[in-house]
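> Can you look at this prediction? I've put the sequence above it.
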There are 6 protein chains.
Amino acid sequence: VFLARLGLNSTYVTALPDHEIGQAAVDALRSHGVDTSRILRRGRRVGIYFTEAGASQRSAKVIYDREGSAVSQTQSGSFDWPDILKGAAWFHCSGITPALSDGAAAATAEAVRSAKRTGATVSLDLNYRKKLWSGEKARAVLTPLLQDVDIVFGNEEDAAEIFGISAPGSDAAAGRLDVDGYRQVAQEMRRRFNLNKVVLTLRESRSASVNAWSGCLFDGKEFLHSRTYEIQLVDRIGGGDALSAAFIFAALSGRDDRAALEFAAAASCLKQTIPGDFNLASREEIEALAAGPGSGRVQR
Amino acid sequence: VFLARLGLNSTYVTALPDHEIGQAAVDALRSHGVDTSRILRRGRRVGIYFTEAGASQRSAKVIYDREGSAVSQTQSGSFDWPDILKGAAWFHCSGITPALSDGAAAATAEAVRSAKRTGATVSLDLNYRKKLWSGEKARAVLTPLLQDVDIVFGNEEDAAEIFGISAPGSDAAAGRLDVDGYRQVAQEMRRRFNLNKVVLTLRESRSASVNAWSGCLFDGKEFLHSRTYEIQLVDRIGGGDALSAAFIFAALSGRDDRAALEFAAAASCLKQTIPGDFNLASREEIEALAAGPGSGRVQR
Amino acid sequence: VFLARLGLNSTYVTALPDHEIGQAAVDALRSHGVDTSRILRRGRRVGIYFTEAGASQRSAKVIYDREGSAVSQTQSGSFDWPDILKGAAWFHCSGITPALSDGAAAATAEAVRSAKRTGATVSLDLNYRKKLWSGEKARAVLTPLLQDVDIVFGNEEDAAEIFGISAPGSDAAAGRLDVDGYRQVAQEMRRRFNLNKVVLTLRESRSASVNAWSGCLFDGKEFLHSRTYEIQLVDRIGGGDALSAAFIFAALSGRDDRAALEFAAAASCLKQTIPGDFNLASREEIEALAAGPGSGRVQR
Amino acid sequence: VFLARLGLNSTYVTALPDHEIGQAAVDALRSHGVDTSRILRRGRRVGIYFTEAGASQRSAKVIYDREGSAVSQTQSGSFDWPDILKGAAWFHCSGITPALSDGAAAATAEAVRSAKRTGATVSLDLNYRKKLWSGEKARAVLTPLLQDVDIVFGNEEDAAEIFGISAPGSDAAAGRLDVDGYRQVAQEMRRRFNLNKVVLTLRESRSASVNAWSGCLFDGKEFLHSRTYEIQLVDRIGGGDALSAAFIFAALSGRDDRAALEFAAAASCLKQTIPGDFNLASREEIEALAAGPGSGRVQR
Amino acid sequence: VFLARLGLNSTYVTALPDHEIGQAAVDALRSHGVDTSRILRRGRRVGIYFTEAGASQRSAKVIYDREGSAVSQTQSGSFDWPDILKGAAWFHCSGITPALSDGAAAATAEAVRSAKRTGATVSLDLNYRKKLWSGEKARAVLTPLLQDVDIVFGNEEDAAEIFGISAPGSDAAAGRLDVDGYRQVAQEMRRRFNLNKVVLTLRESRSASVNAWSGCLFDGKEFLHSRTYEIQLVDRIGGGDALSAAFIFAALSGRDDRAALEFAAAASCLKQTIPGDFNLASREEIEALAAGPGSGRVQR
Amino acid sequence: VFLARLGLNSTYVTALPDHEIGQAAVDALRSHGVDTSRILRRGRRVGIYFTEAGASQRSAKVIYDREGSAVSQTQSGSFDWPDILKGAAWFHCSGITPALSDGAAAATAEAVRSAKRTGATVSLDLNYRKKLWSGEKARAVLTPLLQDVDIVFGNEEDAAEIFGISAPGSDAAAGRLDVDGYRQVAQEMRRRFNLNKVVLTLRESRSASVNAWSGCLFDGKEFLHSRTYEIQLVDRIGGGDALSAAFIFAALSGRDDRAALEFAAAASCLKQTIPGDFNLASREEIEALAAGPGSGRVQR
């Protein structure tokens, strides 16, 4: 959705039931300009989740309700990837999809392989969710898949829980992060999986209402760390997705890594001030934040 | 409600009209597992109050609308206390009830005496409300009643306005508190009324949006002061009730005073991040907060 | 609205269509006790604006939708000003009205002249809106009009964008203000337009969620700067209007400049903790804030 | 409210507490142009009622919650009636007010006597509510009061329950009405209390969703029966009040009884298609309904 | 829920996940006084359905979303039926439960057998849903189960689609029903499955907004047909359940078949005037409707 | 929107501002699959209207607020019609557009001429709105435009108010229609403007809650009258648009006039049972209604 809103031709590939609830999901995607023509219409339910927004000392909470969803019932062969990916410059997928079922994991692996062969840049957001699968299972599934991935997005927790790569000096639960430790995580991730780039998000949880947020990147040469935003959270869900999407947009627009990382950090900061999963911030707003003081002065 | 949610057999004794509005109140209690079988169904109205949530420099405000409520029309003899209290391990009441009418005050006194005789631990939350009665009236009513009370809950303002026991060094209106002063208040309260324990809450009002919050306890030997929580308030109403209930739960569960006080402080901190009067926090969430950094990291 | 709520006889002069939507606007004004008998009922639409509340780094945003509104179609001669102003002690107008159309500018100029002749104190809030007109146009329209104005309300941005009078050391966009610079702006404004008093608001935008807010005043002798309020914003729109109205009320009540300025600063601080354009704070609440710590302690 | 909306100078005399909830009631009245300057500000609560809208076979239901309301605490001497009524052409009161308390009954009696002496036309809507008082009590209170009343509004149920005057051939509970029986009720009411006019409403309850509705009038000479409206109810509460108000307006505007009755029937029909207690229908809409087919064709 | 509201000790036996969403379901049941202590807390999701209310010519629509629900994962042995049913006078189950999965069908069969052995009256509502299973599957599953059933509730469509027993002269789709045909269906159902009683509902769908509704019963001797209610529908879902529950309540209260059927018809009529699945009508309201004209006159 | 939902490639050509409100309108269109790529993004406001839903005797009401809208500021040359219409099989426009301004009328005329030249079928819905323009103005503008129109949609009121062609025997205001009269209107319209077909809607307004609805068609040979639907209205706005769109869809799908008319009547009946301007009914639902009894039986 965010990529489409930024003006890229964006296609969302998933499976949704052929009933009114599935159609409502399609309609929501269409309203933002996403190409929905490759969505498989089958199965009986749309996976959902319940979320309780946190505040102050009370954590946000997510309860997944994705058993038997149409996506979880996809498998190898469900999608005609070579046809879908024809002409695609970039393929991005989330680590949540392979967590849903073995079939969905197979479909994801197939997609990644196919995208790599097509010549698209392939990126994966690790998105580790311990309520969906164990770290061991995730490692077993994601390791072979990473062979065809160019860019990995993630955070320290993903790296630690799936691959046992921890950031010395950081304690995510306590909201303390150490940038040097993140550099080591990014380097080790890149080395181990022979990646082009590793992009990590740094979230310092002051409370469920206020977070510090930034991104860092290692491309084999430089380790870059973006500006840090102190965010009075409206809705933190979708922050990581916004960072990935904004980075992809910036990279495809020809910006260099530093500019892309700053654009991505600003974009994902704004997302967290907007209710809902979708980032509705415009390119102009993102660039204004990246370039300016971020003092939120009224525009009238 | 909170005690029932924590798993204790909890009975709420009050009076409510026998019409649909009274039943709606019963239903709300039942939904949380409270035993409502001892509620007297009579009278014509349910007492209500209007509240305006504060923000920043604007104070929260409460307008009571309890004239002629069913509870205010109870009196000595309205309840069969010996029967109601049979087998009860703890009896807790609020200082708001005797403020409603002379009849309600007589009914409360009768309950306290009866509970003491039954062998239950008896606790009272002073809950002084100057919009309901004067300090003089409160002192006259509560002093005899305190003879049968084991544990008093309250704050510095209650002690000062009702009993003239002030905390030197504190200025509640200005949001400045001095722990040493609270120690003196607790000691004096305990001594004067021959109490087993005195538990006080400390609220430093940085603004109507942010409060610092903790609890302290004096049991004749030790003066304990809990961890202080800086709370971005969602709904501060019910904070004191949550502390009392959590302390009762912890005490009945066999925790020592220090553990009970920390459990109570954490529980009542969480309450203030939840809209509505009821504390919906679970024991697990409370214990996680009491033991952890309180950084409000998402759970998914 | 705020002046009427504070107890002054207040008449709102504007134009509204004679249909149900126009009547709804009249009804909203009447509910607060505003005299609506001088409102011209004509034209086809009520000007509206859309506003998106900001949060954290995301700016609030205003989209005006006032083309063809009844007010924008007024002109010289639309109102019988001498009759309307009979007995008025004060006439206040906003710089937004002349921005709407040449006709509305002519009607405003006529009103100002007429009020001056009547002997009323005349005040103008500059209220510069760059989405409505350019600084050049504003200067051309407002300069002659200022000849009959006694008191100007505004901020540094108004002065800079319309008259090129900047406050050295301040950067409004970045949320940094320098009080000395404001003194120079106020002095220069007063000198250039031969004003009685200049009242400026100082908004330091920490973020779209938190602003520091104060007012300052120069009357030719003293430069006064009010207490500064750190506000957790609920709705910042209407802050400046609240300051003007409160100052007018205080001045008409016989308070001196210092007292009036502090009353105005406190009143407009409270406005920004209240949703909607109208300041619903009472005189008692304002005086309590101006005199007290502003710790937002509950009133019950 | 309805009289003010129709353009009459209308003053509402009641008692309301001097707090924010009382003020909200005042503001609601003011928004419709009612003169609220004679409202006594005292007491602690605003009387309210709960209502459940009916549908089909499920009856609407009203639960009164008026114990201890400010109005119920008024008494003889609470209001300076001669001053309030100075210049009044008409005084109207409801039979609900004297039902609230003996004091309110005394205040009502005093008002009626005073109005009669002033020379105003005096009307009373019987408004019998069996949840508030018994028929005997109502008869005892209302009988002396009727000596000074010119026009009585009511329905068959009021007449039967209070005065034992039943309409032969009608069964209100079953929704069957007989117009001839109503004539006899009106004649007997007029005779017994020496009234100028009796105006009765006829409600045939087909179901809680559909009612037939009309009015009839007896002035000693003619018995008039208005057109009957088959109404798909939106909110039936306030139907009788709307009829009274519309009749008063029409009478004061110089219409004859037939025209006034038809205007009143159409006005009160429209009320019942509008949610809320207030009749928001305009004079033009009422006249269009009274003159036209009532087919509800869109206006655009 | 309805049985508990009518005052019976009612236990709901089902399976719900041990997370917050499952608890919310428990709380909803508890608020109405249902005993929830026998609910199995396990599994990962709560089965839900989406429903679009119909209007006029537009049909209501139900989309089931029950794949993988906790109930669908129960099986033979999941519940300790002998213990659960100890002391139960009546056991009622729905034909929807066995439609959810083979395991749920086995659990239902086990429950029915166990209830029969305990000596409880056993009733089953056929509740055929063609979006959940085929008529053949339903027949295969329900036929053996019916051996231990005393009373069957259903409608003509259930009988026709599952057992091929049609009512001559009726066309449910077109909203035309023939009572004689229903008699034949009831007789044949009773004969074929050796039942004690068969209770059928008759719904004549005039439109999605207006239905005619009644019940009929055959007990081997008499064929009874209740009064028919013409209902302006608020929410038709739960009509059949309300009829079953009301019949069970009436039978357990010792009413004869005719009285029980009329009570059940009136109760289920009222349900369809109430939004939501639960019948909130009181016994008094039901009896008033069964005894009176059903004209929905206001109660105040 | 409806055509896109039925599966046709549909392009909406209009003008909308390039700000967030304009984008929200684009997003709403996109969500239903409409091609929005030809929408001109310019101007400052989106035309809106206020509507009050009617009920029973209270008419629905529309207040237009379209002054200065982006569409009203289009003119001849604003759109590159030949390019837009390339490959279009059908061009449909509304009589509301030319009513907005002379510029919009010129743009519409240009579009119609261009469409005719392209070889598309051209249809116009007369949509006369007396709050927007007079009948004389409408006649002057629409008469030349009709030279290039193939099919006209409208109702008796449109024909009478614009062209003075009345249906003898009908009284739309009173809700009485005479089909024979409609035949004459259709014949005269077709003859006078040399049209291919005339399609009229017949709305008998029983009340604002219940309408009878059908369509008729004259193609020079046959006069066809569809089935009449008695509709319990949910939202009557958009009924005419739904009929036009459904007819266009059916005609483009190769159905004959009778089938197309019945499809259109059923589709527009369903629209009026759905809140909002858009017809969300599916082809299957429409065909089921056209073929079935329309009894609105639940689907589950």
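Done, it's in.

> Can you show me the strands along the stretch 1-150 of chain A?
All strands of the stretch 1-150 of chain A, identified by DSSP state E, counting those that start in this stretch, fall at A:15-16, A:40-41, A:48-52, A:61-65, A:90-94, A:121-125.

> do the fifth one and chain B meet?
Same thing as strand A:90-94. No: Strand A:90-94 stays clear of chain B (C-beta under 8 Å from any C-beta of the partner chain), getting no nearer than 13.4 Å. Quick note: C-beta positions are derived from backbone N, CA and C, even for glycine.

> Just the pLDDT for A:Leu280.
We note a pLDDT of 97 for A:Leu280 in this prediction.

> contacts for stretch A:239-253?
A:2-3, A:6, A:8, A:89-90, A:92, A:94, A:121, A:123, A:125, A:127, A:153, A:155, A:199, A:201, A:203, A:213, A:215, A:259-261, A:263-268, A:270-272, A:277, A:279, A:286 (C-beta atoms under 8 Å, 6 or more residues apart in numbering or on different chains).

> Just the buried ones among these, please.
A:2-3, A:6, A:8, A:90, A:92, A:94, A:121, A:123, A:125, A:127, A:153, A:155, A:199, A:201, A:203, A:213, A:215, A:260-261, A:263-268, A:270-272, A:279, A:286 (16 or more other C-beta atoms under 10 Å in any protein chain shown).

> can I get the strands of the stretch 1-150 of chain A in JSON lines with distance to chain D and mean pLDDT?
Compiled in JSON lines, the strands of the stretch 1-150 of chain A are given as follows (distance: least, C-beta to the nearest C-beta, whole Å; pLDDT from 0 to 100):
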{"stretch": "strand A:15-16", "distance to chain D": "37", "mean pLDDT": "98"}
{"stretch": "strand A:40-41", "distance to chain D": "39", "mean pLDDT": "98"}
{"stretch": "strand A:48-52", "distance to chain D": "31", "mean pLDDT": "96"}
{"stretch": "strand A:61-65", "distance to chain D": "34", "mean pLDDT": "95"}
{"stretch": "strand A:90-94", "distance to chain D": "47", "mean pLDDT": "98"}
{"stretch": "strand A:121-125", "distance to chain D": "49", "mean pLDDT": "98"}
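
> Throw those into TSV and include distance to F:Val179, thanks.
Output for these, formatted as TSV (distance: least, C-beta to C-beta, whole Å):
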stretch	distance to F:Val179
strand A:15-16	46
strand A:40-41	43
strand A:48-52	51
strand A:61-65	54
strand A:90-94	60
strand A:121-125	64
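
> Identify whichever of the ones you listed lies nearest to B:Arg30.
Taking C-beta to C-beta, strand A:48-52 is the member of the strands of the stretch 1-150 of chain A nearest to B:Arg30, at 23.1 Å.

> ok, that closest one: who's next to it in the sheet?
In the sheet, strand A:48-52 lines up against strand A:61-65 (antiparallel) (DSSP bridges).

> mind listing which of the buried ones among the contacts of stretch A:239-253 are in helices?
Among the buried ones among the contacts of stretch A:239-253, the members found in helices (DSSP state H) are A:2-3, A:260-261, A:263-268, A:270-271, A:286.

> ok, whichever residue of the stretch 201-300 of chain A sits closest to chain C - contacts?
Chain C sits closest to A:Gly296 of the stretch 201-300 of chain A, with a gap of 2.8 Å, by C-beta to the nearest C-beta. Taking C-beta under 8 Å, 6+ apart, we find A:Gly296 in contact with C:54-60, C:205, C:207-209.

> Which ones among those residues also lie next to chain A?
Within the contacts of A:Gly296, those near chain A by C-beta under 8 Å from any C-beta are C:54-60, C:205, C:207-209.

> In helices, which of these fall?
Among the ones next to chain A among the contacts of A:Gly296, no member falls in helices (DSSP H).

> Out of the residues you listed, which is nearest to chain B?
Distances from chain B to the ones next to chain A among the contacts of A:Gly296, taken by C-beta to the nearest C-beta, are shortest for C:Ser209, at 10.1 Å.
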